[in-house]
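Asks: Take this sequence and fold it.
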Amino acid sequence: MRVTVVGCAGSFPGPDSPASCYLLEADGFRLVIDLGNGALGALQRYAGLFSIDAICLSHLHADHCIDLAAYWVARQYAPDGSQPPIPVYGPRGTAGRVTPDLGPGADIPAGPPRFGFHDLGPGTTEIGPFRLTADRMNHPVETFGFRVEHAGWRLAYSADTGESEALVRLAAGADALLCEASFLDGQDTRPDLHLTARQAAAHAARAGVGQLVLTHLVPWNDRDRTLAEADGIYTGPLSLATSGLVLGPAAPPPAGR
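Replies: Coordinates of the predicted model:
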């Protein structure tokens, strides 16, 4: 498995990264997890526009899903003809959330859909060569975290969540955990929404993960402070996500502490 961080900005795109998007590749199959604001443009640095085989959305907040509407336009109006449908896995209501708005009086063109939608639920499913396990996270809308396995390597992804026992279970023994760290200590946070960097590190420590990569980094937060607040709570390899970072069994460890 090769995992490329396409976007890791939280809540809105930053100057150096679009919002949430991760490209997973194995055996020639490409799975995209989340497709937030600005992600479709950056994704084309790492994969052909029409080389994506499946998409999986953790939840329906714009910073995790809204570029699927732009991808619909690209697949519908491709110069060589409309592209065949690909599967999209997401919470109930995904199709309605990401249907593009073509303006007053415009109709969605007739013909085969550009996507085949599948409702997510807790449990395990096979997507191409990947074994994906989903569980509900602690967030105001229906949100799924994921554990993705291939050839013995295990990635866990928190999506958006407050403190969550389900995340600890999902990440147990994973080789890498991509965990959101939206808040810093002392910020005016409310429970059941997002994690601080310190809380993310505590979840990683309890789960016994091989490495922790903090992601969903809100652009106005100080990155060095984010890393410092997690340091010492989780004692394994610790780093911050960046656009273009590659993870996987053959990837060098990311720079961190």
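Asks: so A228 is in which element?
Replies: Secondary structure from DSSP states H and E places A228 in helix 223-230.
Asks: Show the average pLDDT along that helix.
Replies: In this model, helix 223-230 has a mean pLDDT of 97.
Asks: Please enumerate the helices of the stretch 151-257 of the chain.
Replies: For the stretch 151-257 of the chain, applying DSSP state H, counting those that start in this stretch gives helices covering 165-171, 197-207, 223-230.
Asks: Just confirm E25 contacts V6, I think it does.
Replies: No - counting by CB atoms under 8 Å, E25 stays clear of V6, with 11.8 Å between them. Where C-beta positions appear, they are placed from N, C-alpha and C, glycine not excepted.
Asks: Who has more neighbours out of those two?
Replies: Set E25 next to V6 and count neighbours by other CB atoms under 10 Å: V6 wins out with 29 against 22.
Asks: hey, what's the closest residue to the more buried one other than its chain neighbours bridged with?
Replies: Nearest residue to V6 in three dimensions, chain neighbours excluded: C21, at 3.9 Å (CB to CB, 6 or more residues apart in numbering). The partner list for C21 in beta bridges (DSSP bridges) reads G7, L35.
Asks: residues near C21, how many?
Replies: C21 has 29 nearby residues by other CB under 10 Å.
Asks: From L49, how far off is it?
Replies: With the distance defined as CB to CB, to the nearest Å, C21 ends up 14 Å from L49.
Asks: same thing with L155?
Replies: 24 Å.
Asks: So which of those two has more stuff around it?
Replies: Comparing L155 with L49 by neighbour count (other CB under 10 Å), the higher total belongs to L155, at 26 against 13.
Asks: hang on, the earlier thing: among the helices of the stretch 151-257 of the chain, which is the most enclosed?
Replies: Ranked by mean neighbour count, the helices of the stretch 151-257 of the chain are led by helix 197-207 with a mean of 23 (mean count of other CB atoms under 10 Å).
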